[in-house]
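*Asks:* following is a predicted model, sequence given first.
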Amino acid sequence: MARYTGPKTKIARKFGEPIFGDDKSFEKKNYPPGQHGNNRRRGKKSEYAIQLMEKQKAKYTYGILERQFRNLFAKANRSKGVTGEVLLQLCESRLDNVVFRMGLSNSRRGARQLVSHRHITVNGELVNIPSYTLKAGDVVGVREKSKSLQSIQDALAGNSAVYEWITWNTEKKEGTFVTVPERVQIPENIKEQLIVELYSK
């Protein structure tokens, strides 16, 4: 299993921010992991180390593996827009991310599971590929048999986030991916320019 399934808090501490969402353990230990905790003297990071950290943070945030991420970057690099912005837009257009943004799951990991376990439809068709790229106007819904799933109901009940590029119909349990979000609309704290510089070396 190549995908990271270990402790989330350890990764969040590594980057110094709760990249997987609210995390009580992170609040208690808001410093890098390691045997010597906060007392260890850490040297100044090189430019490469800072760029690498930013790429790793983006990968962990969206739950994307190295090869997938490199392919996304290549696709963004070929596009006409600003490479870094397009890279984040491609990450946001993934089906598992949109399912998470719609509030059907409390985490991207959970959203990926919903997709791969065939609970999610796109334009009325079952899609079980988490990396499926949505286009503007695509309708994402919960399969009829899965609408009573407790995990989905609990996630929707606790969800209060609203995104301008997504509409949601609670009764039908479906939403529309209205448009690809602009960079200012993406809430993730990722310095995409550093990732571009890293891959451009």
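*Replies:* Cool, the structure landed.

*Asks:* who's in contact with the residue positioned nearest the centre of the chain?
*Replies:* Nearest to the mean C-alpha position of the chain, counting by Cα atoms, centre = their mean, stands Tyr62 at 2.9 Å. Counting by Cβ atoms under 8 Å, 6 or more residues apart in numbering, Tyr62 makes contact with Cys91, Arg94, Asn97, Arg108. No exception for glycine: its C-beta is placed from N, CA and C like everyone else's.

*Asks:* what about 6 Å?
*Replies:* Listed by Cβ atoms under 6 Å, 6 or more residues apart in numbering, the contact set of Tyr62 reads Cys91.

*Asks:* same check, this time on Leu90
*Replies:* Leu72, Ala76.

*Asks:* distance check, it against Tyr62.
*Replies:* 10 Å (Cβ to Cβ, to the nearest Å).

*Asks:* quick revisit: show the pLDDT at the residue nearest to the centre of the chain.
*Replies:* Model confidence at Tyr62, given as pLDDT, is 94.

*Asks:* same thing with the one 3 residues further on?
*Replies:* The confidence metric pLDDT takes the value 92 at Leu65.

*Asks:* repeat for Tyr31
*Replies:* According to the model, Tyr31 scores 62 on pLDDT.

*Asks:* again, but for Ala2
*Replies:* 59.

*Asks:* also the one 10 residues further on?
*Replies:* In the prediction, the pLDDT value recorded for Ala12 is 70.

*Asks:* which parts of stretch 119-133 are buried?
*Replies:* His119, Ile120, Thr121, Val122, Val127, Pro130, Ser131, Tyr132 (16 or more other Cβ atoms under 10 Å).

*Asks:* can you give me the strands in the chain?
*Replies:* Counting by DSSP state E, the chain has these strands, from start to end: 120-122, 125-126, 138-142, 166-169, 174-177.

*Asks:* gap between Arg108 and Val98?
*Replies:* 10 Å.

*Asks:* kind regards, and thank you for your time.
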